[in-house]
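J.: what follows is a predicted protein model with its sequence.
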Amino acid sequence: MLKKEQILVVDDDVLMCKSLCGAIRRKGYKVEAVNSGSEALEKLYSQKATVVISDIKMPEMSGLELLNQIKELSP
């Protein structure tokens, strides 16, 4: 049974995204993956996520910078 929570995985490592998404899907959650902080923000502007799982060290925007941007979107 698919659970209603929407999870967004953010990681510049494509294999890590696939691994995390597979594990999350097997638990019955809806999950999407993006490969950068800017892609995550674009996705979050168009649809909400219940949970965001992010890598901390990414080249363009760190996970901490992404968190600060998300907090501005949804204080």
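T.: Looks like it arrived, so ask away.
J.: which ones are touching the spatially closest residue to residue 34 that is not a sequence neighbour?
T.: In this structure, residue 34 finds its nearest non-sequential neighbour in residue 40, 5.1 Å apart by C-beta to C-beta, 6 or more residues apart in numbering. C-betas here are computed from N, CA, C, even on glycine. Residues in contact with residue 40 (C-beta atoms under 8 Å, 6 or more residues apart in numbering) are 8, 10, 34, 52, 54, 66, 70.
J.: tabulate those (JSON lines), appending distance to residue 21 and pLDDT.
T.: Output for the contacts of residue 40, formatted as JSON lines (distance: C-beta to C-beta, whole Å; pLDDT from 0 to 100):
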{"residue": "8", "distance to residue 21": "10", "pLDDT": "98"}
{"residue": "10", "distance to residue 21": "11", "pLDDT": "98"}
{"residue": "34", "distance to residue 21": "11", "pLDDT": "98"}
{"residue": "52", "distance to residue 21": "13", "pLDDT": "96"}
{"residue": "54", "distance to residue 21": "13", "pLDDT": "97"}
{"residue": "66", "distance to residue 21": "18", "pLDDT": "97"}
{"residue": "70", "distance to residue 21": "19", "pLDDT": "93"}
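J.: any idea how far the residue nearest to residue 25 when sequence neighbours are not counted is from residue 72?
T.: Excluding its sequence neighbours, the residue lying closest to residue 25 (C-beta to C-beta, 6+ apart) is residue 31, at 5.7 Å. Using C-beta to C-beta, to the nearest Å, residue 31 is found at 24 Å from residue 72.
J.: so those two - more neighbours on which side?
T.: Shown here are residue 31 and residue 72; by other C-beta atoms under 10 Å, residue 31 has more neighbours (20 against 9).
J.: tally of neighbours for the residue nearest to residue 58 when sequence neighbours are not counted?
T.: Nearest residue to residue 58, sequence neighbours excluded (C-beta to C-beta, 6+ apart): residue 12, at 4.7 Å. Residues within reach of residue 12, counting by other C-beta under 10 Å, total 17.
J.: got the phi and psi for residue 12?
T.: Residue 12 adopts backbone torsions of phi -80, psi -10, taken as degrees, to the nearest 10.
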